[in-house]
Structures are given as structure tokens and as C-alpha cells.
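Asks: what follows is a predicted protein model with its sequence.
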Amino acid sequence: MVNLNELNEAQQCAVKCCDAPSLIIAGAGSGKTRVLTYKIAWLIEQGMAPERILALTFTNKAANEMKERIARQVGQTESSRLWMGTFHSVFSRILRYEHEAIGFSSNYTIYDQTDSKALVRTIIHEMGLDDKVYKAGSVAARISAAKNRLVLPSQYLASPQTQNADRAAKMPATGEIYQRYVERCRMAEAMDFDDLLLYTWLLFKNRPDICQKYEERFLFVLVDEYQDTNFAQDQIIWQLTRQRQRVAVVGDDAQSIYSFRGANINNILRFRERYQGARLFKLEQNYRSTQTIVDAASRLIAHNKGQIPKDVYSRKAVGEPIDLLRCYSDIDEAALVMKRIKELHNRRSVSFDEMAVLYRTNAQSRAFEEVLRKNAVPYRIYGGMSFYQRKEIKDVIAYFRLAVNPHDEEALRRVINYPARGIGDTTFGRVCDEAKKTHRTLWDVLADADALDLSSGAKKKLREFCLLIQEFNEAAATTRADVLSRLIVDKSRIREEINKGRDPEDISRQENLQELMDNIASFTAECIEQSQSASISHYLQEVSLLSDVDDDNLQSKEEGVVTLMTIHAAKGLEFRAVFVVGMEEELFPSPMALETPMGLEEERRLCYVAMTRAEEFLTFTTSKSRFRYGKVEQMQPSRFLQEIGLYGTSRRDDSLSQQRPQTQMRRPAVSPAPAAPRRLSSVTELSNTTTAVKKDAQMSVSVGDVIVHERFGRGRVIATADTGVDAKATVEFENAGVKQLLLRFAKFTKAE
């Protein structure tokens, strides 16, 4: 028997409503899955046959979790009869039943993304188009977006707006590629993931009799994570529910963060306009986070205009104050986060696997990976790979390795035809065979390419590659790492190759490449300041040492691992302690988001998601400066910090406000919790002293002097050596450790 007493009052009301369309707004940590599973179990207990219930989710994990919970309520036999699964799995099942109506066999193949891109690439080649302009991934993304808007090839080709967009992207033939792609899929009896939605919609649109059959079959339809539905998914749900209107959708508009995948927040915001008489249920009690975190997140999201108002509260303790770490630089930021992780672990008994560092872009992981590795703090990259393991980074590093050592065969194999320069497998196979036969390195064979049994064209391409690597090799002996790295990424055409696309994956690769270049520029500047070699060889040595840390120690099973991830990847997860890093304008919120009000609102929702992952400890970081685009840039604190209440009235005020905004803690209507002292945040300021540049004194420091370095932050001079242009100072920095600086190059000010 379903025991509704295990639910709170709002959850019970949402579960019991079965006679009207229901919009269930489930705030973060409010028990969304519990409500869905209890509602399905309740429907079955009220006499509805399980096979007459359709439940749609976004992931197999969510579907399986709900099935297990429902089985505990009503038994395995009953739960197994449910129509429950992801949108794609359920609609694929329907299409296999109704295959004749759409002109497919019942054994059609489903193409994954790799298959789709491969077919697009083939069509581009067959049409004689430039695959450097018509990148398969970019074209496939445009086709996918069209299908999710339910735009057929004929409509695509007839749309002036679409054609203008393709011309602006220098891909005017995209519509024809789309048309050929659909024809080829039909010939191959294949559908891609987007087709599973498109053909289901077409089936119901063109065959009202079949649509009516499924409308009558499903007495009740439930949809999870409704804020993430796209146009096609929403239209199919409407097709199945418009007559009976027995539908319950569950979601949180404040957590709609996937517009780049086609998610449309208006689906949830306008639900009650479409379904007249729909009832609204708000699950406002947060079971995850402390009241302090809940209040701060609510203050932030209140600045969004496009939302369904709700008054989220927690019955957990007021909890720890929110921390704001104001850092001098991104180097300082990584060091401070590492220190705080160790403090929480050692002093507050927070295990490593209860902590997460969340960032806006994948590229930000590098600094945290490096400092955690150097300090033997175990970590993992969730939903991605380590910075130096990403393809675009490994490709560039391979060129660096060849610049230092042309005989590096693994590096040579990796980039001999990347970016594409016409050295195919057959040509390179001849090189490898010759090297094996004559017991020479691949480089030695390449250097003597004219002796190979190859066409003149193939020999020419090999010679051009050799000349390129020789140029890099000669430059490596005398050129600083930052200058050489720019030469390599430009002349190898890697930068040109990576900068072509504008899809989210392309942008991520571009950000990673820029992060690598900034890291090399920062490395060079530090080497010069510390009178060390600034060669690419020295840089490669540092990277190798970082990668050589004992991975077994970094994957300690006893203590767990700190999780590093993007905020997008963190949705649906929770941690006892969360660090939200890089809270600066044009980083978070991102530059693209600042272009439109809707973009800014989604960034604010993204910040809301980040905050509500935290159960007990929440820390923000913001840096005064970052190494970006080859130089140190001054940063402004994110506007979100002011909206949360961690700053004063002016977002541009360099000082951190110690005032606590006065807010009222919402009390639940039933059984109010006792009043408790309010704490909003504790602000950690790294320095209350003012600094000023003293050019006449810059070359003269004494033991005991306190300085503020542009990148390393605040430190105390512990030793000096030499005089004049060779004068050096050894400085113990608060967070960056001990550094020896060559004073004529060091960028610091004396603290007064």
C-alpha cells in the first residue's frame, strides 16, 4: 500500500491530483523523484493499469531509478508493465510498432552521433565541398537543430532566414546536404536520435487514427525535467494529451540551463496557457541545503523576470556562512581553493568525495588540476578528461615535442597529417615500412623523402612537413616558449583549424587552446622573473612532471577524490562542500550570455544550479586578475555576487562589503521552525592594506618587507641576493609558496 504520510503536504497534493493537468514545480532538493514515483504508484493503486501510464525521462538512469522505487511500492510485476523510459527509447518503441505508416521496416537501424557525422562527411565529400569549411560536426549540428524544430528539408530550403544564416556561416549548401542526408538514411533503413522525435511527430500528425490510438492507450502521461524539453518533445506531448489532458509535468524553471541543446524554457513557463485549468503545485521545501544556502540562491534567482515565483525554504539548520575568497590572480585562486579543501578535510572531517570544484568552462580545470596534483590531493574530472589529455591539447603538445626532438615518433605519428596536409595512410605506411626495413627513425626517413618510392606529389608534401618541423626545431633553440608556441599553432594551422566552428564543442576546444597559450605565456613571464629558462623544453618538462604524479595516490579509495566539473555537468548532483570558482564578469556570466537578456537569465539559472549543489559548505572565488589572451587582465567581480548579497551596492567597488543584507527567512505554513540567528556570509579578504608602485624602490627590498605580486599575491621577503640588475629576492607568498624573483623583471608593489 502506498503510504502518502511519508510525503510532506505539498508533495501529497501533487501526488493526489489525477483529474486535471498538473504543473509540479520542484525546487532544488525538493524530492522531485519521490513525487513522480509516488504519483505513479498512487495511480496504480487507484486502479489504473500500469500499461496505460506513460512516463518520460531524459536519462536511462532516471528511468531505472524510478522503476526500482515503484517496484518497492507496487511490486515488480506491476512496475514492469509501465511504459517508462527516455523520450527516445519510448518513441523508438512506438515507431517499430507503426513502421509501415512511416515507410520503414521494423528493423531499422539507429545511428549514433558518430554514424551521423560519418554520413554527413561522406555527403560533403561526394558533393565536392570543402570539408574545412563544411565541417561534418557543424553541419550535423545544424541538421539536428532543424529536426528538433520540426523543420523538414523542403522547409529548410524554402526558408529565407535559414538560407541567410547558412550563407553568413559560409555554408550555403547545408540545406542540400540535409536533404541528401535524409534520403540516404531512408535508403539505409536508418534513423538518428533526432529522427526518433521527428518521425513520431510526423506519424501522429499525418495519421490521426494512430495518434488517437495512443491517446486512448495512455490514460496518464508524466514528464520528468520538463524545463529541459525542446520544441519537438513538447509538441509530441501535446499530441498525446490534448484530448484527455491527463498529464503531469515535473521540473524547475530555475534550473533550465540547456538552451544550447535546444531546451526551451517557455515550455514550462507557458504550460498553464496551453492546458487551461491546469493546477500548479510548488515543492518549496529543500531537503538538501542549509537555510543560508537556500536564502542566497533565492536572492539570486529573484533577479530573473522569466520565472515562476516560488518561496523555497529549508528546515535544516541555518548552517555555515557562505565564503567569498577574493584572490589576487588565477594562480592565487587555485592555491586558495586547494588550502580550503585541505582545511575542510582535516579540520571539518569532510571527505574528498564530498567536495566539488565547479567552473563555467572546461578550460578552467587546468589550474586546479595542477595545484591539486602538486599537493597530492586526489581528484577526478567528472564527465570529461584531464586538461592535458584533451585532443586539441595533446595535438599542440605533440608539435612542441617535435620542435624539441624531431625523432619523437609518437608525437610525429599524431600530427603528421593534422591539420590535414594530404599525407594519407598509404604514404605514411611507406615511410613506416622504410624505417623498419632500414632500422632508421621515422624522422630520418622523412628527411630523405626523395629516396622513397612515392609519387612526386607525396614526396612534396613530406618535404613541406619536414621543413615545417625543422623551422620549429631551429627556433626552439633560441626562442622563448610563449613566442615559439604562437609560431607553432599559427604555422601548423592548428589555430585556424580549431577556430573554424561555432558549436558548443568547438567553442570549448577554442577555450582550451587559449588556456594552454595563456598558461605558456604565464609560465614564460614567471621564468623571466625568477631568472629561469623560459624555453619550450623547460615547459614540456614541467608538464611531464605534472602528468607523472602517482595516479594511484590521486585515486585513493579510502579518502575518495575531489570532483572537478563544469556547472552544466553538476546538475542533479549534490556535495557537502562546493566551490564555485571564477566569479567574474565575462567569465561567469560569459561574454556570449551578456549579448541578450535571455542569455543573462540562463547564466543566472546556471549559477543557481551551482549554488544548490551544496549541502553545507558553499564557497565562491573571484580574482582581481587573470592571464587571458597572452597578458594579465584586470577582472571585475561577477554581478551575481552582488545579487546574492556578497558585495555592496556597486558591482565595481573593489572593496568587499562586510555588511549583511537584512532578509527574512521564510517560514513554512505548517510546524514553523524556531527562530535562529541569521548569518549570510563570511568574506575572506586577503589584504586590507593599500599598495602603491614605487619605481625608485622597486629594485631595493629588504628582508621583512611585505610585497604584493601581480600573480602570486601577498608575500614577505625572507632573503635577498646580489645587487643592481642581478638583484634577487626570495619571497614567501601566503598562497603561492616560496619564489625567488629577479627584481628588475618582477611585477610587484610594496605594501604600505
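Replies: Good, I have the coordinates.
Asks: and the strands in the stretch 301-450 of the chain?
Replies: 313-314, 322-327, 355-359, 379-381 (DSSP state E, counting those that start in this stretch).
Asks: could you say which of these is packed most deeply?
Replies: Most buried of the strands of the stretch 301-450 of the chain, by mean neighbour count (mean count of other C-beta atoms under 10 Å): strand 355-359, with a mean of 26. Where you see a C-beta, it was placed from the backbone N, CA and C, and this is true even at glycine.
Asks: quick one, phi/psi of residue 156?
Replies: phi -60, psi -50 (degrees, to the nearest 10).
Asks: go on, residue 543?
Replies: Dihedral angles (degrees, to the nearest 10) for residue 543: phi -60, psi -40.
Asks: what about it, neighbour count?
Replies: 20 (other C-beta atoms under 10 Å).
Asks: show me what contacts it?
Replies: 388, 397 (C-beta atoms under 8 Å, 6 or more residues apart in numbering).
Asks: and it, what's its pLDDT?
Replies: At residue 543, the predicted lDDT confidence score is 83.
Asks: quick one: it and residue 469, what's the gap?
Replies: 20 Å (C-beta to C-beta, to the nearest Å).
Asks: and residue 256, by the same measure?
Replies: Distance check for residue 256 against residue 469: by C-beta to C-beta, it reads 49 Å.
Asks: mind listing the helices for the stretch 351-500 of the chain?
Replies: 365-374, 391-404, 409-415, 425-438, 442-447, 456-476, 481-491, 494-498 (DSSP state H, counting those that start in this stretch).
Asks: check contacts around the residue most central in space within the chain.
Replies: A centroid search over the chain (C-alpha atoms, centre = their mean) returns residue 566, at 4.0 Å, as the residue closest to the centre. Counting by C-beta under 8 Å, 6+ apart, residue 566 touches 358-362, 383-384.
Asks: out of those, which comes closest to residue 616?
Replies: Nearest to residue 616 out of those is residue 358 (C-beta to C-beta; 15.4 Å).
Asks: for the closest one, list each beta-bridge partner.
Replies: residue 565, residue 580 (DSSP bridges).
Asks: tell me the confidence at it?
Replies: 98.
Asks: contacts only, for it.
Replies: 565-567, 570, 578-581, 610, 613.
Asks: how about a cut-off of 7 Å?
Replies: The contact partners of residue 358, by C-beta atoms under 7 Å, 6 or more residues apart in numbering, come to 565, 567, 570, 578-580, 610, 613.
Asks: do the same with residue 508
Replies: So residue 508 contacts residue 362 (C-beta under 7 Å, 6+ apart).
Asks: how near is the residue nearest to the centre of the chain to residue 16?
Replies: 38 Å.
Asks: hmm, back to that, now distance to residue 260 too, for the helices of the stretch 351-500 of the chain, in CSV please.
Replies: Formatted as CSV, these follow (distance: least, C-beta to C-beta, whole Å):
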stretch, distance to residue 260
helix 365-374, 19
helix 391-404, 20
helix 409-415, 30
helix 425-438, 35
helix 442-447, 41
helix 456-476, 36
helix 481-491, 26
helix 494-498, 19
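Asks: nearest to residue 521 among these would be which one?
Replies: Comparing those under C-beta to C-beta, the one sitting nearest is helix 481-491, at 4.4 Å.
Asks: just the mean pLDDT for the stretch of helix or strand residue 202 belongs to, thanks.
Replies: For residue 202, the host element (DSSP states H and E) is helix 193-206. Averaged over helix 193-206, pLDDT sits at 96.
Asks: may I have that helix as PDB, with CA atoms only?
Replies: Once non-C-alpha atoms are left out, helix 193-206 reads as follows in PDB (Å, rounded to 0.1, in the frame of the first residue of the first chain):
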ATOM      1  CA  PHE A 193      18.300  10.200 -32.500                       C
ATOM      2  CA  ASP A 194      16.600  13.300 -33.700                       C
ATOM      3  CA  ASP A 195      14.600  11.300 -36.300                       C
ATOM      4  CA  LEU A 196      13.000   9.300 -33.400                       C
ATOM      5  CA  LEU A 197      11.300  12.600 -32.400                       C
ATOM      6  CA  LEU A 198      10.700  13.900 -35.900                       C
ATOM      7  CA  TYR A 199       9.100  10.800 -37.200                       C
ATOM      8  CA  THR A 200       7.000  10.300 -34.100                       C
ATOM      9  CA  TRP A 201       5.600  13.800 -34.600                       C
ATOM     10  CA  LEU A 202       5.100  13.200 -38.300                       C
ATOM     11  CA  LEU A 203       3.400   9.800 -37.600                       C
ATOM     12  CA  PHE A 204       0.900  11.400 -35.200                       C
ATOM     13  CA  LYS A 205       0.400  14.500 -37.500                       C
ATOM     14  CA  ASN A 206      -0.200  12.500 -40.700                       C
END
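Asks: can you pull the buried residues of that helix?
Replies: Under the neighbour-count criterion of 16 or more other C-beta atoms under 10 Å, helix 193-206 has 193-201, 203-204 buried.
Asks: which other helices and strands contact it?
Replies: Here helix 193-206 touches helix 87-97, helix 136-148, helix 208-217, helix 231-241, going by 3 or more C-beta pairs under 7 Å, 6 or more residues apart in numbering; DSSP states H and E.
Asks: need the next SSE after the helix or strand bottoming out on mean pLDDT in the chain, C-terminal direction.
Replies: Every helix and strand in the chain was compared by mean pLDDT, DSSP states H and E; the lowest is strand 691-692, with a mean of 34. Following strand 691-692 in sequence order, the next helix or strand is strand 706-709 (DSSP H and E).
Asks: tell me which strands that next one pairs with, and in which orientation.
Replies: Sheet pairing for strand 706-709, using DSSP bridges, gives strand 713-721 (antiparallel), strand 748-751 (antiparallel).
Asks: how near is residue 585 to residue 642?
Replies: 11 Å.
Asks: repeat that for residue 237.
Replies: Taken as C-beta to C-beta, the span from residue 237 to residue 642 is 39 Å.
Asks: how about residue 361: what's its closest non-neighbour residue?
Replies: Computed as C-beta to C-beta, 6 or more residues apart in numbering, the closest residue to residue 361 that is not its neighbour in sequence is residue 511, at 5.1 Å.
Asks: okay but the one you found is in contact with residue 363, surely?
Replies: Yes - the criterion here is C-beta atoms under 7 Å, and residue 511 meets it with residue 363 at 4.2 Å.
Asks: between those two, which is the more surrounded one?
Replies: Neighbour count, other C-beta under 10 Å: between residue 511 and residue 363, residue 363 has more, with 22 against 17.
Asks: ok, that one - contacts?
Replies: Residue 363 neighbours (C-beta under 7 Å, 6+ apart): 511-512, 514-515.
Asks: then residue 301?
Replies: Shown in contact with residue 301 (C-beta under 7 Å, 6+ apart): 254, 307, 604-605, 608.
Asks: so which of those are in helices?
Replies: Among the contacts of residue 301, the members falling in helices (DSSP state H) are 604-605, 608.
Asks: how distant is the lengthiest helix in the chain from the center of its chain?
Replies: The longest helix of the chain (DSSP H) is helix 504-529. Between the centre of helix 504-529 and the centre of its chain there are 18 Å (C-alpha atoms, centre = their mean, to the nearest Å).
Asks: just want the angle from the helix or strand containing residue 610 to strand 355-359.
Replies: According to DSSP H and E, residue 610 maps onto helix 597-611. Between helix 597-611 and strand 355-359, the angle formed by their directions is 170 degrees, by axes from the mean of the first three to the mean of the last three C-alpha atoms, to 10 degrees.
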